[in-house]
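[1] Need coordinates for the below:
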Amino acid sequence: MGVQETSNDYVIRVFASPAEIDAAQWNSLLDAQPSATPFMRHEYLLALHESASATPEAGWTAQFIALFTGEVLVAACPLYLKDHSYGEYVFDWVWADAYQRGGLAYYPKLLCAVPFTPVPGARLLARDDASRALLLRAMQSLAQGAGLSSAHVLFLGDADQRAATAAGWMLRSAVQFHWSNREAPPYADFEDFLASLQREKRKKIAQERRKVQQAGVNFVARAGEEITPADWDFFYRCYTLTYGVHHSTPYLTRDFFARVARAMPRNWLLFIAERGSERIAASLIALDPARGNAFGRYWGATEYVPCLHFEACYYQPLAWCIANGYRRFEGGAQGEHKMARGLLPVATASAHWLAHPQFAQAVADFLHREGRAVESYMDELDERRPFKPESAG
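    Predicted coordinates for the structure are as follows:
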């Protein structure tokens with residue numbers, strides 16, 4: 001632990017592990033945020049650290065910042081010293097290459113994010129806007145003091161975006177695809193949801209689901225403590241197979257999932273695909289029961305079955321969300337194909353501070369052009385909404 005800054009009103013400390021920060025105080029701050037998610041819970045971040053998934057050996061050196069008044073935690077954020085850009089889902093490889101060609105070192109950099117988790121939400125846990133501003137100032141000060149190239153906040157919520165803009169950080173836009181339940185009345189069931197879609201979309205979904213049924217595949221849904229260690233083992237096998245198809249190595253260890261299963265049982269939903277007595281696929285969904293939000297996370301299969309991915313990752317979760325009164329389902333990063341299945345485009349944001357004035361200006365110019373392109377893309381997608389004109393969608 002180190003002390004970054006002090007005043008008569010507060011002290012800012014830097015921690016090398018989330019274990020050094022009181023979990024109850026951290027989670028209390030999180031629960032007060034308008035865009036809280038389970039991925040910012042102390043248990044989740046601690047599991048990443050203690051399972052060796054996000055550690056210095058993996059390129060994630062914790063530098064968690066916490067703002068105290070006396071012994072009371074009033075603001076905090078997960079911060080890492082990064083020597084690469086893997087596991088972030090906001091791509092800055094071009095910036096790193098430009099630094100290298102300019103004879104400068106882009107890495108290490110400071111990153112405020114949830115490792116391997118492109119879910120938008122609160123990143124700067126704070127009681128008020130002034131405390132958010134102090135967190136950003138502390139990040140910038142930490143980067144400057146260490147001679148780092150930059151500091152970044154990924155997938156930040158609206159309150160964090162306002163704070164970053166006010167602090168002079170550059171915002172970058174991207175697009176994800178999320179499903180929202182109908183407001184009034186909510187969808188009665190999956191068929192009611194399908195009825196709100198355009199005819200060709202309904203027909204395509206019906207064809208995809210029929211292929212899975214004709215292959216003799218059925219699904220079992222297990223939530224919370226219903227998920228057994230054997231279920232987790234099978235899921236993890238599927239998870240690693242997905243990475244194997246792409247000739248890459250999984251970011252998360254089996255121990256990570258064991259830890260979050262114990263510490264956060266209510267936050268997990270597992271779909272297991274079975275053909276007869278054989279398990280052939282699994283899809284893991286994260287749940288936020290208090291807010292009625294669900295998040296598609298990981299999937300994998302032991303063999304290829306046409307359209308099984310769509311059934312496991314979209315249709316089964318959406319049917320479950322409707323049946324259980326959930327408001328929102330986030331399908332994960334990227335994937336325009338999700339739109340044909342009722343997930344609509346949503347803008348996401350990241351914030352960036354670069355130390356080098358000329359590079360900062362060059363990046364600002366790039367972000368301006370990129371932002372205009374993202375706006376045009378969102379307008380184009382809006383014209384291709386999959387719902388009937390009379391449906392709220």
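[2] C-alpha only now, for contacts and for neighbours.
    OK.
[3] Distance of residue 360 relative to residue 352?
    9 Å (Cα to Cα, to the nearest Å).
[4] higher neighbour count, these two?
    Each of residue 360 and residue 352 has its neighbours counted (other Cα atoms under 10 Å); residue 352 has more, 21 against 18.
[5] Report the buried residues of stretch 256-272.
    256-257, 259-261, 264-272 (16 or more other Cα atoms under 10 Å).
[6] State the distance spanning the first to the last residue of it.
    Start-to-end span of stretch 256-272 (Cα to Cα) is 20 Å.
[7] just stretch 114-125 next, same as before
    The straight-line separation of the ends of stretch 114-125 (Cα to Cα) is 13 Å.
[8] Which residue ranges of the stretch 1-150 of the chain form strands?
    Ranges of strands in the stretch 1-150 of the chain, per DSSP state E, counting those that start in this stretch, are 2-6, 11-15, 60-62, 64-69, 72-77, 79-82, 109-112, 125-126, 150-153.
[9] Between these, which one is closest to residue 305.
    Of all the strands of the stretch 1-150 of the chain, strand 60-62 sits nearest to residue 305, with 36.4 Å by Cα to Cα.
[10] Out of the strands of the stretch 1-150 of the chain, the one nearest residue 304 is which?
    strand 60-62 (34.1 Å).
[11] Mind checking which of the buried residues of stretch 256-272 are in strands?
    Within the buried residues of stretch 256-272, membership in strands is found for 268, 269, 270, 271, 272, as judged by DSSP state E.
[12] Rebuild these as JSON lines, extending it with distance to residue 24 and pLDDT.
    JSON lines is the format used below for those (distance: Cα to Cα, whole Å; pLDDT from 0 to 100):
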{"residue": "268", "distance to residue 24": "21", "pLDDT": "98"}
{"residue": "269", "distance to residue 24": "25", "pLDDT": "98"}
{"residue": "270", "distance to residue 24": "27", "pLDDT": "98"}
{"residue": "271", "distance to residue 24": "31", "pLDDT": "98"}
{"residue": "272", "distance to residue 24": "34", "pLDDT": "98"}
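[13] between the residues you listed, which is closest to residue 252?
    Nearest to residue 252 among those, with distances taken as Cα to Cα, is residue 268, at 15.8 Å.
[14] Contacts only, for the nearest residue to the closest one once chain neighbours are set aside.
    Leaving aside its chain neighbours, residue 268 sits nearest to residue 286 (4.8 Å; criterion: Cα to Cα, 6 or more residues apart in numbering). Residues in contact with residue 286 (Cα atoms under 8 Å, 6 or more residues apart in numbering) are 267, 268, 269, 294, 295, 296, 297.
[15] Tell me how far the helix or strand hosting residue 286 lies from the chain's centre.
    Taking DSSP states H and E as the criterion, residue 286 maps to strand 278-288. Taking the mean of its C-alpha atoms, strand 278-288 sits 17 Å from the chain's own mean (Cα atoms, centre = their mean, to the nearest Å).
[16] Which positions within the helix or strand just after it qualify as buried?
    Using DSSP H and E, the helix or strand that directly follows strand 278-288 along the chain is strand 293-301. Within strand 293-301, the residues that count as buried by 16+ other Cα under 10 Å are 293, 294, 295, 296, 297, 298, 299, 300, 301.
[17] now do stretch 50-61
    For stretch 50-61, burial by neighbour count (16+ other Cα under 10 Å) applies to 50, 51, 52, 53, 54, 55, 59, 60, 61.
[18] from what I can see, residue 161 looks like it's in a helix, true?
    Yes - under DSSP: H, G, I helix; E, B strand; the rest coil, residue 161 falls within a helix.
[19] out of the buried residues of stretch 50-61, which are inside helices?
    Using DSSP state H, residue 50 are the members of those that sit in helices.
[20] Give the residue spans of this protein that score low on pLDDT.
    The chain contains residues with pLDDT under 70 at 1-8, 391-393.
[21] before we move on, back to that, need the contacts of residue 286 in JSON lines (columns: distance to residue 44).
    JSON lines is the format used below for these (distance: Cα to Cα, whole Å):
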{"residue": "267", "distance to residue 44": "10"}
{"residue": "268", "distance to residue 44": "12"}
{"residue": "269", "distance to residue 44": "16"}
{"residue": "294", "distance to residue 44": "16"}
{"residue": "295", "distance to residue 44": "15"}
{"residue": "296", "distance to residue 44": "16"}
{"residue": "297", "distance to residue 44": "14"}
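[22] Quick one: the helices in the stretch 151-300 of the chain, in order.
    Assigned by DSSP state H, counting those that start in this stretch, the stretch 151-300 of the chain shows helices spanning 158-166, 190-195, 199-214, 229-245, 254-263.
[23] for the ones you listed, which one sits closest to residue 307?
    Evaluated with Cα to Cα, these place helix 199-214 nearest to residue 307, the distance being 5.6 Å.
[24] For the closest one, list every residue counted as buried.
    201, 202, 205, 208, 209, 211, 212.
[25] From the rest of the structure, what touches it?
    194, 195, 305, 306, 307, 308, 310, 311, 340, 341, 386.
[26] how about 6 Å then?
    Residues from elsewhere that reach helix 199-214 (Cα atoms under 6 Å, 6 or more residues apart in numbering): 194, 307, 308.
[27] Now list the buried members of these.
    194, 308.
[28] Residue 27: which of the contacts of helix 199-214 is nearest?
    Nearest to residue 27 among the contacts of helix 199-214 is residue 308, at 36.9 Å by Cα to Cα.
[29] Now the strand holding residue 286: buried residues?
    Neighbour counts over strand 278-288 (16+ other Cα under 10 Å) mark 279, 280, 281, 282, 283, 284, 285, 286, 287, 288 as buried.
[30] now the residues you listed in TSV, with distance to residue 99?
    Converted to TSV, those look like this (distance: Cα to Cα, whole Å):
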residue	distance to residue 99
279	48
280	46
281	43
282	41
283	39
284	38
285	38
286	37
287	40
288	40
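[31] how about residue 347, what does it touch?
    174, 175.
[32] element containing it?
    Counting by DSSP H and E, residue 347 is part of strand 344-354.
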